[in-house]
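Undergrad: show me the folded form of this:
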Amino acid sequence: MRDRSFTADTKDQPFDEIILQQGELISDRLNMLRQEQYPPDAQKGLRQFSLAEVAYYLGVTQSTIKKLHLEGKGPDPETSSSGRRSYSAEQMLELRAYLDKHGRPGKRRYVPHRREGEELHVVSVVNFKGGSGKTTTAAHLAQHLALKGHRVLAIDLDPQASLTALHGIQPELDNVPSLYETLRYDDQRKPIIEVIRPTNFPNLDIVPASLELQEYEYDTPVALTSSDPHEGRLFFTRISKALDEVDDRYDVVVIDCPPQLGYLTLTALTASSSVIVTVHPQMLDVMSMSQFLLMLGGIMKTIRDAGANMRLKWFRYLVTRFEPTDGPQKQMVGFLQAMFPNQMLTAPVLKSTAISDAGITKQTLYEVERSQFVRTTYDRAITSLNDVNDEVSELIHKAWGRE
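TA: Residues are numbered from 1 along each chain as shown. Next up is the predicted model:
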């Protein structure tokens, strides 16, 4: 039987009431699902990491970690009945600190925090069209950088709050403040530190999103035409100024921009050190991206003429949801690589049921257990994500002047 809550006669009911009712109904149902998966007092946890994963994230061999354990150095791993060792994310940080402290002088450093003279690196992930894998890209990049030892701040700038939901927060129910509280033009503005929340990943904090962010799109035109328009005219500096307040706390900021070219996106781009444009390799998506770039270029020129100082270290196109066996997709990727050989990330994000299935439970591939999937499916997906994120990490390090 069909759900009567969606089939009631609405011909005499105002459209705004219908939309509000159905929005509330969906929110209530989602909350019921969340209550089943995560009880009210529950904290979103994080799985253990295998010896192979720990070796990868630390950049050492498995034998090095085994030797440390046998010598009684570093944290004690959890050992299964079969003798397999695994570590928590917190223990990985302990191992990293130990290796960094006791490594040979002059050799590589295991704690990759910013060094003197290295500026906070801000990566904005953008696309004009939804469904391009933008939020998935931002989430996995932020978590990967944190697992690799960086201090990371993720900012959800999309009022739809998908990145926020992936980290266990439901804005309309948890009543969390968004970056709007820091961007707003009135005297109720809050410092960004008051809207930052920890996540289940050590070294990763998040600024949640909410529908309230949309108010910035309406407030900025008003500020531009107000009796004191100076502050509105410099709207593009507001995220940069907010990040100045926490500059010493983080190495990298990852911003998930909304899928539209509004004031939020422009403010994020002006604060950015680098930009990743996600591309689904199909004709309609690439056509949409073309229009996005044309509009963006024109608007950014206007903002630059108004005094914006946008100094990008790099920008790249990232192919997402790629199916290697799809002939037209392969052709489109070749088309893009021929046009932008220096701006295309080498590795694509493969389309995978592992990524989409993890998202059903509001998790990323770095959170779910490998045992929940067909191993080849999981391994193929995680290798794809790691290849992309390693490439981005290398670009960030090069921007800092590291070898």
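
Undergrad: how many neighbours does Glu217 have?
TA: A total of 15 residues lie near Glu217 under the criterion other CB atoms under 10 Å. Yep, even glycine has a C-beta here, placed from its N, CA and C like the rest.

Undergrad: can you show me the strands along the stretch 51-200 of the chain?
TA: 78-79, 85-87, 121-126, 152-156, 197-198 (DSSP state E, counting those that start in this stretch).

Undergrad: any idea which of the ones you listed is most buried?
TA: strand 152-156 (a mean of 28; mean count of other CB atoms under 10 Å).

Undergrad: packing partners for it?
TA: helix 134-147, helix 162-166, strand 204-207, strand 252-256 (3 or more CB pairs under 8 Å, 6 or more residues apart in numbering; DSSP states H and E).

Undergrad: the same query, at a cut-off of 6 Å, please.
TA: With contacts defined as 3 or more CB pairs under 6 Å, 6 or more residues apart in numbering; DSSP states H and E, strand 152-156 has these neighbours: helix 134-147, strand 204-207, strand 252-256.

Undergrad: okay, whichever helix or strand comes after the shortest one in CSV with CA atoms only?
TA: Pointing back at strand 204-207 there. Counting by DSSP states H and E, the next helix or strand C-terminal to strand 204-207 is helix 215-224. In CSV, the C-alpha atoms belonging to helix 215-224 read as follows (Å, rounded to 0.1, in the frame of the first residue of the first chain):
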residue,chain,number,x,y,z
GLU,A,215,21.0,33.9,4.3
TYR,A,216,24.5,35.0,3.3
GLU,A,217,23.3,35.1,-0.4
TYR,A,218,20.6,37.6,0.6
ASP,A,219,22.5,39.6,3.1
THR,A,220,25.5,40.4,0.8
PRO,A,221,23.5,42.3,-1.9
VAL,A,222,21.8,44.3,1.0
ALA,A,223,25.3,45.1,2.5
LEU,A,224,26.5,46.2,-1.0
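
Undergrad: pull out the buried residues from helix 215-224.
TA: For helix 215-224, burial by neighbour count (16 or more other CB atoms under 10 Å) applies to Tyr216, Asp219, Thr220, Ala223.

Undergrad: list the contacts of the first one.
TA: With CB atoms under 6 Å, 6 or more residues apart in numbering as the criterion, the residues that contact Tyr216 are Tyr180, Leu183, Tyr263, Leu264.

Undergrad: over to the third one?
TA: When the contact criterion is CB under 6 Å, 6+ apart, the partners of Thr220 are Phe235, Tyr263.

Undergrad: tell me which residue lies nearest the centroid of the chain.
TA: Nearest to the geometric centre of the chain sits Ala138, at 2.5 Å (CA atoms, centre = their mean).

Undergrad: who does the longest helix along the chain touch, helix- and strand-wise?
TA: The longest helix of the chain (DSSP state H) is helix 375-399. Packing partners of helix 375-399 (3+ CB pairs under 6 Å, 6+ apart): helix 134-147, helix 353-360.

Undergrad: so which of these is nearest Phe373?
TA: Shortest distance between Phe373 and those, using CB to CB, is found for helix 353-360: 5.1 Å.

Undergrad: what residues sit buried inside that closest one?
TA: Quick answer for helix 353-360 (16+ other CB under 10 Å): Ala354, Ile355, Asp357, Ala358, Gly359.

Undergrad: can you check the pLDDT for the first one?
TA: Ala354 is assigned 91 on the pLDDT scale.

Undergrad: distance check, the closest residue to it other than its chain neighbours against Asp390.
TA: Leaving aside its sequence neighbours, Ala354 sits nearest to Ala381 (CB to CB, 6 or more residues apart in numbering; 4.2 Å). Counting by CB to CB, to the nearest Å, the gap from Ala381 to Asp390 is 15 Å.

Undergrad: neighbour count for the two, which is higher?
TA: Ala381 (22 against 14).

Undergrad: low-confidence regions, the chain specifically.
TA: 1-16, 18-19, 23, 26-27, 29-31, 33-43, 104-108, 130, 227-233 (pLDDT under 70).

Undergrad: tell me the domain ranges of it?
TA: 47-100, 119-398 (the TED database).

Undergrad: span of the first one from start to end?
TA: Spelled out, that is domain 47-100. End-to-end span of domain 47-100 (CA to CA, to the nearest Å): 24 Å.

Undergrad: count residues in the vicinity of the closest residue to Gln214 other than its chain neighbours, would you?
TA: Beyond its immediate neighbours in the sequence, the residue positioned closest to Gln214 (CB to CB, 6+ apart) is Pro159, lying 4.7 Å away. Look at Pro159: counted by other CB under 10 Å, it has 20 neighbours.
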